[in-house]
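Asker: Provided below for reference: sequence and predicted model.
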Amino acid sequence: MAQDKDTRNYRKEYDEYQGTPEQKKHRAMRNAARREMVREGKAHKGDGKDVDHKKMLDKGGSNARSNLRMLSIKQNRGWERNH
């Protein structure tokens with residue numbers, strides 16, 4: 001079955017990026033950070049907020065409380081990654 005050039009291949013994306021051990025580790029760290037903020041009462045399910053790592057995990061950041069803050073989804077995901 002041939003795929004349209006505009007059709008997203010989720011299986012390939014997972015196999016080549018999301019399913020790598022490094023990305024699984026980072027996803028687990030992001031989930032743990034969210035749970036910590038929920039425990040502190042800073043985040044709630046469906047609140048439209050993201051937990052932001054001030055220093056990104058990919059750049060050596062950690063889940064230390066001093067590295068976490070709450071931002072709107074637009075603020076946290078709306079920046080240019082390739083600058």
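Answerer: That came through, no problem.
Asker: so who does Ser62 touch?
Answerer: 53, 55 (Cβ atoms under 8 Å, 6 or more residues apart in numbering). Using the backbone N, CA and C atoms, a C-beta is placed for each residue, glycine as well.
Asker: how about the secondary structure of it?
Answerer: On the three-state scheme (DSSP: H, G, I helix; E, B strand; the rest coil), Ser62 is labelled coil.
Asker: and it, how far from Arg30?
Answerer: Per Cβ to Cβ, to the nearest Å, Ser62 is found 12 Å from Arg30.
Asker: just Lys49 next, same as before
Answerer: 13 Å.
Asker: and what of Ser72?
Answerer: 16 Å.
Asker: looking at Lys49 and Arg30, which one has more neighbours?
Answerer: Taking neighbours as other Cβ atoms under 10 Å, Lys49 and Arg30 compare with Lys49 leading, 18 against 15.
Asker: what about Val51, how many neighbours?
Answerer: Using other Cβ under 10 Å, Val51 is surrounded by 21 other residues.
Asker: can you name the residues bridging to it?
Answerer: Met70 (DSSP bridges).
Asker: that one reaches Ala33, doesn't it?
Answerer: Yes - taking contacts as Cβ atoms under 8 Å, Val51 lies within contact range of Ala33: 4.7 Å.
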